[in-house]
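Colleague: Okay, here's the prediction I keep looking at, along with the sequence it came from:
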Amino acid sequence: MAALHNDVFDNGLSVLNTYTETLHILSADPGLTWANIASYTLGNKASPTVSTPADRAAGGREATISAISDGTVSGTGNAAYWALTDDSESKILATGDLASSESVSSGNQFTLTEFKIGIPDPA
């Protein structure tokens with residue numbers, strides 16, 4: 001069975017901690033295509049808190065994105081996805097589904113509960 005040292009996991013996940021500039025909520029999955037952020041974004045939170053890598057309960061390592069209580073809604077629609085972006089380099093670093101989709105309206109604020117991005121131990 002393969003084995004990886006925590007440093008291998010941490011170097012992958014530390015990109016999130018080091019380079020995330022913005023968390024977006026989106027109406028559609030942007031994939032890893034930068035232009036899709038402008039097309040699908042319904043709001044954002046600048047400088048979200050992303051932890052350094054730590055042990056993952058199920059094995060492996062994970063980074064935690066802290067809860068957000070003051071995200072800015074800039075569009076009206078159904079937010080169903082999130083993306084972490086490195087705006088300086090025009091990169092999408094990670095994407096995923098929101099725990100539940102929600103209708104949002106421009107000019108309001110959005111909140112998100114804490115969530116984790118992890119890399120499991122090799123099987």
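Modeller: Sure, I can see it.
Colleague: which residues does the residue nearest the centre of the chain contact?
Modeller: Central residue of the chain (CA atoms, centre = their mean): L84, 3.9 Å from the mean position. Contact partners of L84, counting by CB atoms under 8 Å, 6 or more residues apart in numbering, are 16, 20, 22-23, 48, 50, 65, 92-95. Glycine gets a C-beta too; all of them are placed from N, C-alpha and C.
Colleague: Could you tell me which of those are located in strands?
Modeller: The strands, defined by DSSP state E, take in 22-23, 65, 92-95 from those.
Colleague: Only the buried residues of the one helix or strand in the chain whose mean pLDDT sits lowest, if you could.
Modeller: Ranked by mean pLDDT, DSSP states H and E, the helix or strand of the chain with the weakest confidence is helix 6-19, at a mean of 92. Burial within helix 6-19, assessed by neighbour count using 16 or more other CB atoms under 10 Å, is assigned to 9-10, 13-17, 19.
Colleague: For the protein, give me the ranges with low pLDDT.
Modeller: For the chain, the stretches with pLDDT under 70 are 1-2.
Colleague: just the helices in it please.
Modeller: Per DSSP state H, the chain carries helices over the ranges 6-19, 35-40.
Colleague: Which other helices and strands does the longest one contact?
Modeller: I take that to be helix 6-19. Other elements packing on helix 6-19 under the criterion 3 or more CB pairs under 8 Å, 6 or more residues apart in numbering; DSSP states H and E are strand 61-65, strand 91-104, strand 115-119.
Colleague: how distant is the first one from the center of its chain?
Modeller: Its chain's C-alpha centre lies 10 Å from the corresponding centre of strand 61-65 when counted by CA atoms, centre = their mean, to the nearest Å.
Colleague: got the angle between it and helix 6-19?
Modeller: 20 degrees (axes from the mean of the first three to the mean of the last three CA atoms, to 10 degrees).
Colleague: Residues touching the least confident helix or strand of the chain, excluding its own?
Modeller: Contacts of helix 6-19 (CB under 8 Å, 6+ apart): 50-53, 60-63, 84, 86, 88-89, 91, 93-94, 117-119.
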